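J.: got a sequence here, can you build the structure:
(one chain, ligands or ions: 1)
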Amino acid sequence: MADHDPAHLETWRAEVRAWLASVASPKAEEVFEWGVGDPRLQIFLSMSHEEEVAYLDRVRDYRRHRFDAGYGAISLPEEFGGAGLPSVYSVAFADEEREYAVPPSSEIISVTTGLVGAAVSVFGTPEQRERFARAFLRTDLLCCQLFSEPGAGSDLAGLSTKAVRDGDDWVISGQKIWSSNAQFSEYGFLLARTNPDVVKQAGITAFLVPMDAEGVEIRPIRQMSGPSTFNEVFFDGARVPDALRIGDVDAGWKVAQATLGFERSSSGSGHRRKGGTAADLVALAQHLGLSGDPVTRQELADVYIRTSLHAAMVAKVARATASGDKPGPAGSLGKLVASDNLVRIGECASHLLGSALVADTGAWGEFAWSEHVLGAPGYRLAGGTDEIQRNIISERVLGLPAEHRADRAPFSQLAKS
Ligand SMILES: Cc1cc2nc3c(=O)[nH]c(=O)nc-3n(C[C@H](O)[C@H](O)[C@H](O)COP(=O)(O)OP(=O)(O)OC[C@H]3O[C@@H](n4cnc5c(N)ncnc54)[C@H](O)[C@@H]3O)c2cc1C
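T.: Next comes the predicted model:
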């Protein structure tokens, strides 16, 4: 097949470069100068509502051009609206795109295109694909993820938000939480309980919910680092037509599992940099005159080694994915190592800055380091907590005994804590 021919890939890469050059300039080499520009150390974006709308508009404009040029869903099969190319092409596109100054992606863009757009393409009816899949993949519509609840995060299948059938509609009641960027989304991808009398995974159904429907209330949550990236979403008898059900009734767990799987395999290039790096720490230590201090040097070397190892691990996974192999144990370690490194970088910055980290003197970069330190714990939770990642590694990689499961009874008979 021509797609697997290295010469075909090289020709395609050249086309990608030509297209990128027609819509963006090559990325200028970053020259770091202390005290100049945005220190870019925060882990979560910190913008006003208006600034974030303008930022998303810029990203969406680029994503529409990218989709129209045929690079919107490179590895999604053609029958689902993608280009149907092997994943090596997605990796190659990300490599090329990194060289150009395109608007960096954000959580809601990745969720809409990489997770929901792909899920609707695969599980949607022909009508739903026609109406939504293209609109999500092209970011004409944004869709947040309405999975987590106050009582169901790591244990997602324990969710309680109900959907009850009423004629051609479903009536939704309950609460979701930590819904990133729900305030900017036209739709939400909701998991709701439709049958409490079977084991918890078996009675869940997936829906698309218009976020402006009557009975849907979005309340932004102010984070300790300043911004309101995520929200609580309340459902008080909101009516959703059956035409917005994704997949079969009570088959939502399969949809959820596949959606979370797309997260790992989405082409998701152009991500903005998250948090400070080992190089930022060295610059800080030099600025403070601490780079000769033996304890500081030891901490900096530790962070440097760990971040270099993480980069090597990411490169190894990308190579494996590109050649169609399974990423192996490194694929399960990446998120855990990345979040651990961010915490260590924040700890090192705290030691260097001392009281200036909490009593901002207004000096360049100080508050940005405070934002980093306050954002790092969120990264340890989002997309599966460190402890859950460790459980996965212990069971699937190391082959240790699985956790005891005491929740095999129908959902309605499970004790609620
Ligand atoms: C920045 C951010 C963005 C997010 N965006 C979204 C979003 O857009 N949509 C969405 O639906 N959700 C989102 N989430 C929610 C995220 O998926 C959950 O926070 C996560 O799954 C953990 O669930 P929880 O917060 O309920 O913690 P819990 O599951 O209640 O866990 C509490 C603590 O117990 C530990 N724990 C739980 N179970 C086990 C176990 N079996 N073994 C060992 N330890 C365990 C956890 O590791 C954690 O330390 C986001 C979270 C964050 C931080």
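J.: that's a strand at residue 238, yeah?
T.: Yes: the assignment for residue 238 by DSSP: H, G, I helix; E, B strand; the rest coil puts it in a strand.
J.: quick check, it in contact with residue 169.
T.: No: Residue 238 lies out of contact with residue 169 (Cβ atoms under 8 Å); the separation is 9.6 Å. From N, CA and C alone the C-beta is placed, and that goes for glycine too.
J.: comparing the two, which residue is more hemmed in?
T.: In this view residue 238 and residue 169 are compared by other Cβ atoms under 10 Å, and residue 238 has more residues nearby, 24 against 16.
J.: could you find the closest non-adjacent residue to the more buried one?
T.: Counting by Cβ to Cβ, 6 or more residues apart in numbering, residue 215 is the residue found nearest to residue 238 once chain neighbours are left out, at 3.4 Å.
J.: how many residues are close by the one you found?
T.: 15.
J.: who's in contact with it?
T.: Residues counted as contacts of residue 215 (Cβ atoms under 8 Å, 6 or more residues apart in numbering) are 172, 235-239.
J.: check residue 107 too.
T.: Residues near residue 107 by Cβ under 8 Å, 6+ apart: 180-181, 229.
J.: run through the stretch 251-400 of the chain and note the low-pLDDT ranges.
T.: Across the stretch 251-400 of the chain, residues meeting the criterion (pLDDT under 70) sit at 263-272.
J.: where do the helices sit along it?
T.: Here the stretch 251-400 of the chain has its helices, by DSSP state H, counting those that start in this stretch, at 252-265, 278-287, 294-322, 329-353, 366-381, 386-392.
J.: model confidence score at residue 105, please.
T.: What the model reports as pLDDT for residue 105 is 87.
J.: correct me, but it touches residue 60?
T.: No: the criterion here is Cβ under 8 Å, and residue 105 misses it with residue 60 at 10.6 Å.
J.: quick check on residue 146: phi, psi?
T.: Torsion angles at residue 146 (phi, psi; degrees, to the nearest 10) stand at phi -110, psi 70.
J.: which residues does it contact?
T.: Residue 146 neighbours (Cβ under 8 Å, 6+ apart): 176, 179, 182, 188-191, 209, 233.
J.: ok, and which of these reach the ligand?
T.: For the ligand, the contacts drawn from the contacts of residue 146 by Cβ under 6 Å from any ligand atom are residue 179.
J.: just the ones in strands from the contacts of residue 146, please.
T.: The members of these that map onto strands under DSSP state E are 176, 179, 188-191, 209, 233.
J.: wait, which of the residues you listed is closest to the ligand?
T.: residue 179 (5.0 Å; Cβ to the nearest ligand atom).
J.: excluding its backbone neighbours, what's nearest residue 161?
T.: residue 174 (2.8 Å).
J.: same question, residue 129
T.: residue 121 (6.0 Å).
J.: wouldn't the one you found be in contact with residue 78 here?
T.: No: applying Cβ under 8 Å, one finds residue 121 not in contact with residue 78, separated by 10.6 Å.
J.: which of these two has more residues huddled nearby?
T.: Legend: neighbour count by other Cβ under 10 Å for residue 121 and residue 78, higher for residue 121 (23 against 10).
J.: which helix or which strand is home to that one?
T.: Following DSSP states H and E, the helix or strand that holds residue 121 is helix 118-123.
J.: right, is that helix up against the ligand?
T.: No: on the criterion Cβ under 6 Å from any ligand atom, helix 118-123 is out of touch with the ligand, staying 13.6 Å away.
J.: what's in contact with that helix?
T.: 73, 76, 80-82, 128-129, 132-133, 136-137, 189, 206, 208, 246-247, 255, 258-259, 262, 266.
J.: distance from the chain centre to that helix, please.
T.: Relative to the centre of its chain, helix 118-123 is centred 17 Å away, using Cα atoms, centre = their mean, to the nearest Å.
J.: can you check stretch 233-245 too?
T.: Offset of stretch 233-245 from its chain centre (Cα atoms, centre = their mean): 24 Å.
J.: sec struct for the residue nearest to residue 161, please.
T.: strand.
J.: that one: how many residues sit nearby?
T.: Applying other Cβ under 10 Å, I find that residue 174 has 20 neighbouring residues.
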